[in-house]
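Chemist: the amino acid sequence is not available; the structure is as follows:
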């Protein structure tokens, strides 16, 4: 990867560690990447095949008992590009190997359980790449900003999240948590586009402006969530996302890294190849 | 479409109608298409964007109350290319707008319900493209060939299937049922490849050969199912599939046709655009 435009690996340079400060991250920046937008787009396309092959191996290995899976969690303010990541990064792999879910406001049965229940229901099985558009982190983000839960309850949730994710990681899941970080101004420009283009109206909701007014409060809530829940087994990565091409490329590389860590192998035959060749010839 | 290689539309020429005879369909043929393999591959790629845009419109319209959806049902013998269709045709659209499900042998709770129950659970919601890899048709195919259900029960299922699909169509679902039709010899060659390539072993199961031995019985079961359940509201299309490029192209065109029939439109704004522009500017 180092000879393809990245001078530092995204999984190192974007990782939230000790002393992380969200306010110090420039949403316009392209950490670790020395190339141009064109280089970035070329690299994104060039790595699609690799991602796709690793996904197929992950899936294949699970058919012989491997218990690995990968879960990508996408968080970010409205218009930060979560959907674009799904379309342009996840969209490159076989839909049969992907379990995607977009979490909305809890409704119906979801409200009759603890906040992690609906998340557990949507987890990827062995061999799958899960992709969450929003997640249980809303329960410590919007809940904190809007006061939807008591402070003590929110306070307790960070530890419960860490315990939950630790259990999943222990069961063979690689968890990659991504915050797509855009600036307030970029968010405005993207909402403006939705109001300027009739084919984008459907993506706009008046409530989006109400959320924008609480931008600083959201950034504080993110800072706390990132600090408290970026762990060894489920690290957070803050991806500057004002430049969509960089965000997509960075998330692709994070996924690739997670899959390489799993290192899935084609499973050997669970039958006698020569015997089967003879049986097949006679059928 | 007619000026792009097709001299007859797939939704007309491949449709199972009065007097259909499966035995008369040549799996090597490319009905309605006058071009070469290269032309076909080019057309497939060229239509991806159109499919993708129609899918997005379908999704968008549902956000304003449209109750349309599309369901693609894929059936065919082992190695007929169902997975390839998902990967190469469905794979071109945004994963967020696709609900894919591969039906295996019923297990657990699925066995505690009528055969259509698990299918109903997996149906695409409004605005979604559903894609079934196998389906309730296994309950009149393998069940007939293997005698897994009493003859009278299987006999009754065709009508129940028609009633079920009719209800779905009445609720706004466009149902496209595709049988991928390969020859027995092509099936052997494809299984042979799985035994020759270690990266394909995982797709091979000794049971595949046992199924092949019942090829003629399966073709009979397909003939009956096609005759009995190709309806106005949920037609069957038999797609010759020895040439993968043709099968993919034909299914893509069938999907495109279904989406064009829906004719989804970008929804208008459910807010005052000028008011919102002012609110946004001040946020």
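Modeler: All right, it came through fine. Owing to the predicted nature of the structure, the values given are computational and were not obtained by experimental measurement. Numbers count the residues shown, from 1 in each chain, chains lettered A, B, ... in the order given.
Chemist: which residues are contacting stretch A:145-162?
Modeler: Residues from elsewhere that reach stretch A:145-162, judged by CB atoms under 8 Å, 6 or more residues apart in numbering or on different chains: A:115-116, A:136-137, A:139-140, A:142-144, A:214, A:217-218, A:221, A:224-225, A:228-229, A:231, A:234. For every residue, glycine as well, the C-beta is placed using N, CA and C.
Chemist: in that stretch, what counts as buried?
Modeler: Within stretch A:145-162, the residues scored as buried using 16 or more other CB atoms under 10 Å in any protein chain shown are A:145, A:149, A:154, A:157, A:160-162.
Chemist: chain A: helices as residue ranges?
Modeler: A:10-13, A:37-62, A:82-88, A:117-121, A:138-146, A:151-170, A:184-196, A:207-212, A:215-229, A:244-262, A:273-281 (DSSP state H).
Chemist: closest to residue B:102 out of the ones you listed?
Modeler: In terms of CB to CB, the element of these nearest to residue B:102 is helix A:37-62, at 11.3 Å.
Chemist: distance from that closest one to the middle of the chain?
Modeler: 15 Å (CA atoms, centre = their mean, to the nearest Å).
Chemist: and for stretch A:31-42?
Modeler: Counting by CA atoms, centre = their mean, stretch A:31-42 comes out at 20 Å from the chain centroid.
Chemist: could you give me the buried positions within that stretch?
Modeler: Those would be A:31-33, A:35, A:40, for stretch A:31-42 by 16+ other CB under 10 Å.
Chemist: average pLDDT for stretch A:54-74?
Modeler: For stretch A:54-74, mean pLDDT is 97.
Chemist: what's the end-to-end length of it?
Modeler: 21 Å (CA to CA, to the nearest Å).
Chemist: can you tell me if it touches chain B.
Modeler: Yes: contact of stretch A:54-74 with chain B (CB under 8 Å from any CB of the partner chain) involves A:60-61, A:63-64.
Chemist: of the buried residues of stretch A:31-42, which is the nearest to chain B?
Modeler: residue A:40 (21.1 Å; CB to the nearest CB).
Chemist: so that closest one sits right up against residue A:5, yeah?
Modeler: Yes: applying CB atoms under 8 Å, one finds residue A:40 in contact with residue A:5, separated by 6.7 Å.
Chemist: now list whatever residues contact both of these two.
Modeler: Looking at what touches both residue A:40 and residue A:5 (by CB under 8 Å, 6+ apart), the common residues are residue A:33.
Chemist: any weak-confidence spans in chain A?
Modeler: Along chain A, the model assigns pLDDT under 70 to residues A:1-4.
Chemist: now stretch A:96-110, how far from the chain's geometric center?
Modeler: Worked out by CA atoms, centre = their mean, stretch A:96-110 lies 14 Å from the chain centre.
Chemist: and that stretch, what's buried?
Modeler: A:96-101, A:103.
Chemist: among those residues, which ones lie close to chain B?
Modeler: Answer for the buried residues of stretch A:96-110 near chain B (CB under 8 Å from any CB): A:96, A:98, A:100.
Chemist: which residues touch the first one?
Modeler: The reference is to residue A:96. With CB under 8 Å, 6+ apart, residue A:96 has these contacts: A:59, B:83, B:86-87, B:100, B:102, B:133.
Chemist: format the buried residues of stretch A:145-162 as CSV; extra columns: distance to residue B:71.
Modeler: Shown next, in CSV, are these (distance: CB to CB, whole Å):
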residue, distance to residue B:71
A:145, 40
A:149, 39
A:154, 42
A:157, 39
A:160, 39
A:161, 37
A:162, 41
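Chemist: you'd agree residue A:259 is up against residue A:58?
Modeler: Yes: here residue A:259 reaches residue A:58: they are 6.4 Å apart, a contact under CB under 8 Å.
Chemist: pull up the overlap in contacts between those two.
Modeler: Common neighbours of residue A:259 and residue A:58 (CB under 8 Å, 6+ apart) are residue A:70.
Chemist: what about those two, which has more around it?
Modeler: residue A:58 (26 against 23; other CB atoms under 10 Å in any protein chain shown).
Chemist: please name the nearest non-neighbouring residue to that one.
Modeler: Excluding the flanking residues, the one nearest residue A:58 by CB to CB, 6 or more residues apart in numbering or on different chains is residue A:264, at 4.4 Å.
Chemist: picking up where we left off before, which one of the helices of chain A lies nearest to residue A:129?
Modeler: Taking the helices of chain A one by one with CB to CB, helix A:37-62 is closest: 5.9 Å.
Chemist: for that closest one, buried residues please.
Modeler: A:40, A:43-44, A:47, A:51-52, A:54-62.
Chemist: relative to residue A:232, how far out is the closest residue to chain B within the stretch 1-150 of chain A?
Modeler: Taking CB to the nearest CB, chain B has its nearest neighbour within the stretch 1-150 of chain A at residue A:60, 4.1 Å off. Distance, residue A:60 to residue A:232, by CB to CB, to the nearest Å: 28 Å.
Chemist: with residue A:56 instead?
Modeler: Taking CB to CB, one finds residue A:56 at 28 Å from residue A:232.
Chemist: grab the nearest non-local neighbour of residue A:269.
Modeler: With CB to CB, 6+ apart, the residue lying closest to residue A:269 is residue B:201, at 4.4 Å.
Chemist: contacting residues for the one you found?
Modeler: Counted by CB under 8 Å, 6+ apart, residue B:201 has contacts A:266-269, A:273, B:194-195.
Chemist: list buried residues within the residues you listed.
Modeler: A:267, A:269, B:194-195.
Chemist: could I get those as TSV with distance to residue A:14?
Modeler: Formatted as TSV, those follow (distance: CB to CB, whole Å):
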residue	distance to residue A:14
A:267	33
A:269	40
B:194	40
B:195	44
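Chemist: wait, which of the residues you listed is closest to residue A:12?
Modeler: Closest to residue A:12, out of all of the buried ones among the contacts of residue B:201 and judged by CB to CB, is residue A:267, at 31.3 Å.
Chemist: am I right that the closest one is in contact with residue B:200?
Modeler: No: counting by CB under 8 Å, residue B:200 is not a contact partner of residue A:267; they are 10.8 Å apart.
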